[in-house]
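In: sequence plus the predicted model coming up.
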Amino acid sequence: QVQLVESGGGLVQPGGSLKLSCEASGFTLDFYTIAWFRQAPGKEREGIACIGTSDSSTSYANSVKGRFIISRDNVESTIFLQMNSLKPEDTAVYYCATDLMPGTLCSRGYPPEVYRGQGTQVTVSS
């Protein structure tokens, strides 16, 4: 059974940092592209970071570029999102997703959310 479980969210002050984790099970993480998305109340879902099957294959939304870093640990079957210099507008539910299709490339856009986790809440507020 394919599962994606996010953790690491919470309340943080503006300018602070958080590191989110997305633990994958039921499939071999090594072979697939994974992306982080977020959705804030009243706003459209936004793809923010994508990582392919090697760490050098990444892409970011302009809204987070230079502040967020996506990485993967295939041994631990986990995808990470390091979030720095957080802003109130980063407040959202963050979740990871994949389409489990070999050959999906971040350069072609964010993968369809065929499988996704429940999400973790990130709140940036003073």
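Out: Yep, that arrived.

In: which residues pair with L11 across the strands?
Out: Beta bridges link L11 to T123, judged by DSSP bridges.

In: ok, it - how many residues close by?
Out: L11 has 12 neighbours, counted by other Cβ atoms under 10 Å. For every residue, glycine as well, the C-beta is placed using N, CA and C.

In: quick check, central residue of the chain?
Out: W36 (2.3 Å; Cα atoms, centre = their mean).

In: could you say which helix or strand holds that one?
Out: Using DSSP states H and E, W36 sits in strand 34-39.

In: for this structure, just list every one of the strands.
Out: 3-7, 10-12, 18-25, 34-39, 46-51, 58-60, 68-73, 78-83, 92-98, 115-116, 120-124 (DSSP state E).

In: would you turn these into TSV with mean pLDDT?
Out: Output for those, formatted as TSV (pLDDT from 0 to 100):
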stretch	mean pLDDT
strand 3-7	97
strand 10-12	98
strand 18-25	97
strand 34-39	97
strand 46-51	96
strand 58-60	95
strand 68-73	95
strand 78-83	97
strand 92-98	97
strand 115-116	96
strand 120-124	98
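
In: same list, the ones you listed, but as JSON lines with distance to G109 please.
Out: Shown next, in JSON lines, are the strands of the chain (distance: least, Cβ to Cβ, whole Å):
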{"stretch": "strand 3-7", "distance to G109": "19"}
{"stretch": "strand 10-12", "distance to G109": "29"}
{"stretch": "strand 18-25", "distance to G109": "19"}
{"stretch": "strand 34-39", "distance to G109": "9"}
{"stretch": "strand 46-51", "distance to G109": "8"}
{"stretch": "strand 58-60", "distance to G109": "9"}
{"stretch": "strand 68-73", "distance to G109": "15"}
{"stretch": "strand 78-83", "distance to G109": "18"}
{"stretch": "strand 92-98", "distance to G109": "13"}
{"stretch": "strand 115-116", "distance to G109": "16"}
{"stretch": "strand 120-124", "distance to G109": "23"}
